[in-house]
Structure formats: C-alpha cells, structure tokens
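1. A predicted structure for the sequence below; I have some questions about it.
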Amino acid sequence: AQRVTQPEKLLSVFKGAPVELKCNYSYSGSPELFWYVQYSRQRLQLLLRHISRESIKGFTADLNKGETSFHLKKPFAQEEDSAMYYCALTSGGSNYKLTFGKGTLLTVNP
Amino acid sequence: DAGITQSPRYKITETGRQVTLMCHQTWSHSYMFWYRQDLGHGLRLIYYSAAADITDKGEVPDGYVVSRSKTENFPLTLESATRSQTSVYFCASSATGTNIQYFGAGTRLSVL
C-alpha cells in the first residue's frame, strides 16, 4: 500500500529564514510526487510536481528515491508562504488517485 | 471562472437526514474525486469516477453514495448523516493523461 508521511503538523519560522517541509513516502514502484498548498480561505492548488523539476514561488522539491523523500524547500521564507502544505503521491500511469499526507501548517512570522 | 464549483459552501444538518453535496466542472475532465478533510487526517478519498457511469470506492466510502450520470456533475450523498461525517468536503477533477487534480472551494458540513 502506498503511504505519505509528513512528520511535522506545525512548522513556524521567521521571515527570511530557510524552510523545509518534510515528506516521506512508501511505494514499491515509481511514484509521481506532488506538493499542494492551501492558503487561508482559498482552495487547494498544485504547487509543485516532481517531474516538472521547476521552482514555483521560490520553492523547490527534489525526489530522493534512495531515501523515499520529497522535501519542499525555500531558502528565504515570506509571510505570504503561510499556509497548509500537503504532499501527495500517485502510482503513475493511468492511476489518477492521489494519496495525501496529513499536511503541515507553515507559519511565517514577521 | 472557477471551472469547478461546489454547492452549498456551508451546510448544517441533523443526524439521520439525507444530504447531497454538488460538484460541477466545466472542463469536461474525465476524472472526478471526492475527499474529506479532517484535522489530523489530511485529505482522504471517499469516491472517485473515471468517466460518466463509472465510479469506485476510495479509502473511506462507508455512509456515502455517488453517481455520475453526466461528465460534468459528480454529486455526493450522505444517505443518513452521522456526527462523524462533520467535515470539509472537497471535490476535484483531473483530465485524462495528467495526474494533476483541480479542486473546488469545498463544502463545510456540520451534522448536529
């Protein structure tokens, strides 16, 4: 069975500090990994997917198959980054179901 | 244009009542999904649909019923609501060929 673990329910940093949101997964095949974000009073939206290998809003995430991790990083956090972040996994191919982690609430303090 | 809309946005009901949450998308996406979001559990898949008239159970389907007679609509029905079904419900859709899901704004349901 596939599983996504986000070990931190809450993460608080100061503006300008680096931030890393952890995500570990278990899946025997080659998964596709995502980060979704939910800002206050907004709908859940895609932030990153590992196959795109791009930086969105200064965030990056690298898939580490050896450590089965997909941590989300940003070198300098901004107050507008405060949100709930969800890591998600799909087994790829024609399976469109996503398995979500329990989420990490990031607070960036001024 | 939001593309995927949910109604109602807020609903209060009593235990034992039947409640239907609506989801409508304008993209003609083949796949649609229903999740519930609970503190400490994240998002859990209730049901999903690969196309009109094709539905399947997710992780937590008990107490819920879905239908998909048209591609654009995917209603979720709680046949006899229980307090444990108090939650925020999200609908999502996805196009064939991509695993990216687009979410509605959610329905906050309280069962008293």
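-> Done, it's in.

2. and the host helix or strand of residue A:35, what does it pack onto?
-> Secondary structure assignment for residue A:35, by DSSP states H and E: strand A:32-38. Applying 3 or more Cβ pairs under 8 Å, 6 or more residues apart in numbering or on different chains; DSSP states H and E, we find strand A:32-38 packed against strand A:45-49, strand A:83-90. Heads up, the C-betas are built off the backbone N, CA and C, glycines and all.

3. partners of the lengthiest strand in chain B in the sheet?
-> The longest strand of chain B (DSSP state E) is strand B:42-51. Neighbouring strands of strand B:42-51 in its sheet, by DSSP bridges, are strand B:31-38 (antiparallel), strand B:54-57 (antiparallel).

4. list the buried residues of that strand.
-> Buried residues in strand B:42-51, counted by 16 or more other Cβ atoms under 10 Å in any protein chain shown: B:42-50.

5. and chain A, which residues reach chain B?
-> Within chain A, the positions lying close to chain B (Cβ under 8 Å from any Cβ of the partner chain) are A:6, A:9, A:32, A:34, A:42-46, A:49, A:86, A:90, A:92, A:96-103.

6. of those, buried ones?
-> The buried subset of these - by 16+ other Cβ under 10 Å - is A:6, A:32, A:34, A:43-44, A:46, A:49, A:86, A:90, A:96-103.

7. what comes up buried for the strand holding residue A:35?
-> For strand A:32-38, by 16+ other Cβ under 10 Å, it's A:32-38.

8. so can I have TSV of the residues you listed showing pLDDT?
-> Formatted as TSV, these follow (pLDDT from 0 to 100):
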residue	pLDDT
A:32	89
A:33	92
A:34	94
A:35	96
A:36	96
A:37	96
A:38	94
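
9. okay, those residues in JSON lines with distance to residue B:12 next?
-> Shown next, in JSON lines, are the buried residues of strand A:32-38 (distance: Cβ to Cβ, whole Å):
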{"residue": "A:32", "distance to residue B:12": "38"}
{"residue": "A:33", "distance to residue B:12": "37"}
{"residue": "A:34", "distance to residue B:12": "33"}
{"residue": "A:35", "distance to residue B:12": "33"}
{"residue": "A:36", "distance to residue B:12": "28"}
{"residue": "A:37", "distance to residue B:12": "29"}
{"residue": "A:38", "distance to residue B:12": "23"}
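
10. looking at those, which one is closest to chain B?
-> Proximity of the buried residues of strand A:32-38 to chain B (Cβ to the nearest Cβ) peaks at residue A:32, which lies at 5.5 Å.

11. point me to the residue of chain A nearest chain B.
-> Chain A approaches chain B most closely through residue A:102 (3.8 Å), counting by Cβ to the nearest Cβ.

12. list the contacts for the closest residue to that residue other than its chain neighbours?
-> Distances taken as Cβ to Cβ, 6 or more residues apart in numbering or on different chains place residue B:42 nearest to residue A:102, at 3.8 Å, with adjacent residues excluded. Residues in contact with residue B:42 (Cβ atoms under 8 Å, 6 or more residues apart in numbering or on different chains) are A:6, A:86, A:100-103.

13. go on, residue B:83?
-> So, once contact is read as Cβ under 8 Å, 6+ apart, residue B:83 ends up touching B:15, B:111-112.

14. number of residues surrounding residue 71?
-> No chain in the question, so chain A it is. Around residue A:71 there are 18 other residues, counting by other Cβ atoms under 10 Å in any protein chain shown.

15. wrong one, chain B
-> Count around residue B:71 with other Cβ under 10 Å applied: 17.

16. try residue A:83
-> Residue A:83: 20 neighbours (other Cβ under 10 Å).

17. good, wrapping up.
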